[in-house]
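Enquirer: sequence first, predicted coordinates after that:
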Amino acid sequence: MTATTATAKSPAARRRIPPRPLVLGLPLFVMVLSGTWLAAQTVGREGFFMIPGDAKAGMKTFFDKGCIRCHAVMGEGGNTAPDLARAPAGHLTAAELVAAMWNHAPQMWERMQQEKADPPVFAASEMANLFAFLYSVRSMDEPGNAERGRQLLYEKRCLECHTVAGQGVTGAPDLRRWASYRNPVSWIQAMWNHAPAMQVLMEARGLPWPEFRGTDVGDLIAYIRTLAPNPRRHVYLQPSNPEVGRSLFRAKGCATCHRVRGGAVRGELSLGTRSLPRTLGQLAASMWNHSPTMWASMQAQEIPRPQFSNKEMADLISYLFAERYFEVDGSPVRGGRVFEVKGCSYCHVPGSQGPILAAWAGRVSPIALATAMWNHGPVMLERMREQQMPWPMFRPGEMVDLMEFLNRGARAVSAKGSRP
């Protein structure tokens, strides 16, 4: 899609916001490199959805466009706007990221006006990279609290089976061996593969199955790493393939009980948009907490419990997170009402002063919409204020409905008529 680009007013006194001389910390840089498994291409609507853009390039865009001056990421950056790794809370699909950007755009443009700076202009590829970066960092956990991780080893009674730096009881591996795992995906893989043996040992010793909440897994990882800060061998996350992950989801038997899109099967947990944990550490905790229940279900159905290599687990998780990026159940009927109620039909139908959105039929995507909105938005906001029209705000679900309506094309949009 060719996005409509506004021609911003550019007096000599106005300037572009240069990136702040700030470098994100090494832990975040490593996470962004790890997060490049989110990069892929979008295919047909009936096909497999993967995330467009490159997270590493998106981090550069975040700097180059001046986003870092106001916004922080995991505590590093500006402090006059929300930290984009933390806010809004909870999981956001691509359409919801567009809605959040739309809702806050007037405040961002006003802030730039106060600083006498022009809003940056984005190419569609730059917006795709930026979205990939934001989605990847929102999927990562903040650095854990090593001291709290040490306390958890005692609270969860880990040392009644494991040893750590000479402390604890023998019977299970020394947890220092896991210090070489430099990313949460490797921990998820190791925890899943070792869970059955641990469950047998814990039952034999009369120990309850520990459950992890919140930042527990990140805190444990942080503490274990302090015990061997420079291990001889590092286990880094390899580039992964969401399409391979989709095949693994079936081949490993996950699809027997779980669905990614739609409701759950046989009473098991759905892994769809709303139920999958937002961060990798939370996913590790969830898989661990449910391991005994899942294993019992597999035994009842005579399904062998699968084992995963590091690469296979990365592929599987990249598939689950890539699917979650998209929301495919938009309603064109609801979207038509959104088009009317939000005032879109005042300017974007034949005979009006704005671009005719019917021409976008079949090509509306979160990236294209975000690019057009941001580049054209300042002019649109000025015209709306001249006509004393309020800036429309989008609630959850409304943006994907609007996109579905616009994708239906000229007939759907033109049917809304024109405004005087």
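Expert: Alright, I've got the coordinates.

Enquirer: can you give me the helices in the stretch 151-300 of the chain?
Expert: In chain order, the stretch 151-300 of the chain shows helices spanning 184-204, 216-227, 242-251, 280-300, with DSSP state H, counting those that start in this stretch as the criterion.

Enquirer: can I get these in TSV with distance to residue 370?
Expert: Every residue, glycine included, has its C-beta placed from N, CA and C. What follows is the helices of the stretch 151-300 of the chain, written out as TSV (distance: least, Cβ to Cβ, whole Å):
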stretch	distance to residue 370
helix 184-204	28
helix 216-227	30
helix 242-251	22
helix 280-300	25
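
Enquirer: just say which of these is most tucked in.
Expert: The highest mean neighbour count among those, using mean count of other Cβ atoms under 10 Å, belongs to helix 216-227: a mean of 22.

Enquirer: contacts for that helix next, please.
Expert: With Cβ atoms under 8 Å, 6 or more residues apart in numbering as the test, helix 216-227 has contacts from 141-150, 152-153, 164-165, 175-176, 178-179, 181, 184, 187, 212, 281-282, 284-285, 288.

Enquirer: of these, buried ones?
Expert: Among those, the ones that count as buried by 16 or more other Cβ atoms under 10 Å are 141-146, 148-150, 152-153, 164, 175-176, 178-179, 181, 184, 187, 212, 281-282, 284-285, 288.

Enquirer: what's the domain layout of this protein?
Expert: 26-140+329-414, 146-325 (automatic domain parsing).

Enquirer: can you put these in TSV and add mean pLDDT?
Expert: Formatted as TSV, the domains of the chain follow (pLDDT from 0 to 100):
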stretch	mean pLDDT
domain 26-140+329-414	81
domain 146-325	83
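
Enquirer: the most centrally placed residue in the chain and residue 91, how far apart?
Expert: With distances taken as Cα atoms, centre = their mean, residue 135 lies nearest the centre of the chain, 3.3 Å away. Per Cβ to Cβ, to the nearest Å, residue 135 is found 10 Å from residue 91.

Enquirer: equivalent analysis for residue 296, please.
Expert: Look at residue 296 and residue 91: by Cβ to Cβ, they are 28 Å apart.

Enquirer: residue 351 now?
Expert: To residue 91, residue 351 is 40 Å away according to Cβ to Cβ.

Enquirer: more neighbours, these two?
Expert: Ranked by neighbour count (other Cβ atoms under 10 Å), residue 351 and residue 91 place residue 91 first, with 19 against 9.

Enquirer: from residue 52, how far off is the spatially closest residue to the more buried one that is not a sequence neighbour?
Expert: Nearest non-adjacent residue to residue 91, counting by Cβ to Cβ, 6 or more residues apart in numbering: residue 278, 4.6 Å away. Distance, residue 278 to residue 52, by Cβ to Cβ: 20 Å.

Enquirer: higher neighbour count, the two?
Expert: Between residue 278 and residue 52, residue 52 has the larger neighbour count (other Cβ under 10 Å), namely 22 against 17.

Enquirer: is the more buried one in a bridge, and if so with what?
Expert: residue 40 (DSSP bridges).

Enquirer: doesn't residue 126 make contact with it?
Expert: No: in this structure residue 52 lies outside contact range of residue 126 using Cβ atoms under 8 Å: 11.7 Å.

Enquirer: list the buried residues for stretch 70-87?
Expert: Neighbour count says stretch 70-87 has 70-74, 77-78, 81, 83-85 buried, by 16+ other Cβ under 10 Å.

Enquirer: which two among those residues are spaced furthest apart?
Expert: Spatially, the most separated pair among the buried residues of stretch 70-87 is 70 and 74, at 15.3 Å (Cβ to Cβ).

Enquirer: in strands, which of the buried ones among the contacts of helix 216-227 fall?
Expert: Judged by DSSP state E, the subset of these located in strands is residue 164.

Enquirer: where exactly do the helices run in the stretch 1-150 of the chain?
Expert: Along the stretch 1-150 of the chain, counting by DSSP H, counting those that start in this stretch, helices occupy 26-34, 55-64, 94-114, 124-138, 146-155.

Enquirer: ranking the ones you listed by burial, who's on top?
Expert: Comparing these on average neighbours per residue, with mean count of other Cβ under 10 Å, the densest one is helix 124-138 at a mean of 24.

Enquirer: which residues does the closest residue to residue 75 other than its chain neighbours contact?
Expert: With sequence-adjacent residues excluded and distances taken as Cβ to Cβ, 6+ apart, residue 75 is closest to residue 83, at 6.5 Å. For residue 83, the contact set (Cβ under 8 Å, 6+ apart) comprises 71-75, 77.

Enquirer: which single one of the residues you listed is nearest to residue 102?
Expert: For the contacts of residue 83, the minimum distance to residue 102 (Cβ to Cβ) is 16.0 Å, reached by residue 71.

Enquirer: wait, doesn't that closest one sit right on residue 85?
Expert: No: using Cβ under 8 Å, residue 71 is not in contact with residue 85, being 9.4 Å away.

Enquirer: number of residues surrounding residue 361?
Expert: By other Cβ under 10 Å, 15 other residues sit near residue 361.

Enquirer: and the nearest residue to residue 277 once chain neighbours are set aside, how far from residue 166?
Expert: Leaving aside its sequence neighbours, residue 277 sits nearest to residue 283 (Cβ to Cβ, 6+ apart; 4.6 Å). Counting by Cβ to Cβ, the separation of residue 283 from residue 166 is 31 Å.

Enquirer: how many residues are close by residue 324?
Expert: Neighbourhood size, residue 324 [other Cβ under 10 Å]: 25.

Enquirer: SS state for it?
Expert: Reduced to three states with DSSP: H, G, I helix; E, B strand; the rest coil, the structure at residue 324 is helix.

Enquirer: going forward, the N-terminal residue is numbered 14.
Expert: Renumbered: residue one is now 14, and that last one reads residue 337.

Enquirer: surely it and residue 107 touch.
Expert: No: contact between residue 337 and residue 107 fails when scored by Cβ under 8 Å: they sit 9.7 Å apart.
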